[in-house]
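> What follows is a predicted protein model with its sequence.
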Amino acid sequence: MADKRTKPTARRSEELEREYVIPLRASRHQPSRRRRAGHAVETVRRFVVRHMKGRPEDVWIDPRLNEHLWERGIQHIPSRVRVKAIRFEDGLIEVDLLVAE
């Protein structure tokens, strides 16, 4: 009978890292003028949940990304934003602003 022991394999890290360009144009037209920046933050959260297979309460948005969305005020949001999303083993998804170097 053959030996039942299995060979040890290298454990693959469950960390998933991706870069996205999130369009925010709908956030410019859909809500009222005084809700655009907040709607853009929620749009980023929904986009990341859909593409990284997570839950909304597990998404952590970096303060630099939040400040980038709010830097021109509540009414004048950027039309798109480049982000880097990392999903960790425990399900937490971290979203950072991707700055061109």
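Thanks, I have the structure now.
> alpha carbons only for contacts and neighbour counts from here, please
Fine.
> ok now do residue 40, which residues does it touch?
24, 27, 69, 77 (C-alpha atoms under 8 Å, 6 or more residues apart in numbering).
> try it again with 10 Å
Listed by C-alpha atoms under 10 Å, 6 or more residues apart in numbering, the contact partners of residue 40 are 22-28, 31, 46, 66, 69-70, 74, 77-81.
> Residue 35 and residue 70 touch, don't they?
No: assessed by C-alpha atoms under 10 Å, residue 35 is found out of contact with residue 70, at 11.1 Å.
> For stretch 55-70, give me every contacting residue.
Outside of stretch 55-70, the residues within contact range by C-alpha under 10 Å, 6+ apart are 24, 36-38, 40-42, 44-50, 52, 71, 73, 76-83, 85-87, 90-98.
> So which residues of this protein form helices?
Secondary structure of the chain (DSSP state H): helices at 25-29, 36-52, 63-70.
> For residue 64, give its distance to residue 35.
20 Å (C-alpha to C-alpha, to the nearest Å).
> Please enumerate the strands of this structure.
Secondary structure of the chain (DSSP state E): strands at 16-23, 59-61, 80-87, 93-97.
> need the ones you listed in a markdown table with mean pLDDT, can you?
Shown next, in a markdown table, are the strands of the chain (pLDDT from 0 to 100):
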| stretch | mean pLDDT |
| --- | --- |
| strand 16-23 | 96 |
| strand 59-61 | 97 |
| strand 80-87 | 97 |
| strand 93-97 | 97 |
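> Would you point to the one among those strands that's packed deepest?
Comparing those by mean neighbour count (mean count of other C-alpha atoms under 10 Å), strand 93-97 comes out on top with a mean of 22.
> Please identify the pairing partners of that strand and their relative orientation?
Its sheet considered, strand 93-97 pairs with strand 59-61 (parallel), strand 80-87 (antiparallel) by DSSP bridges.
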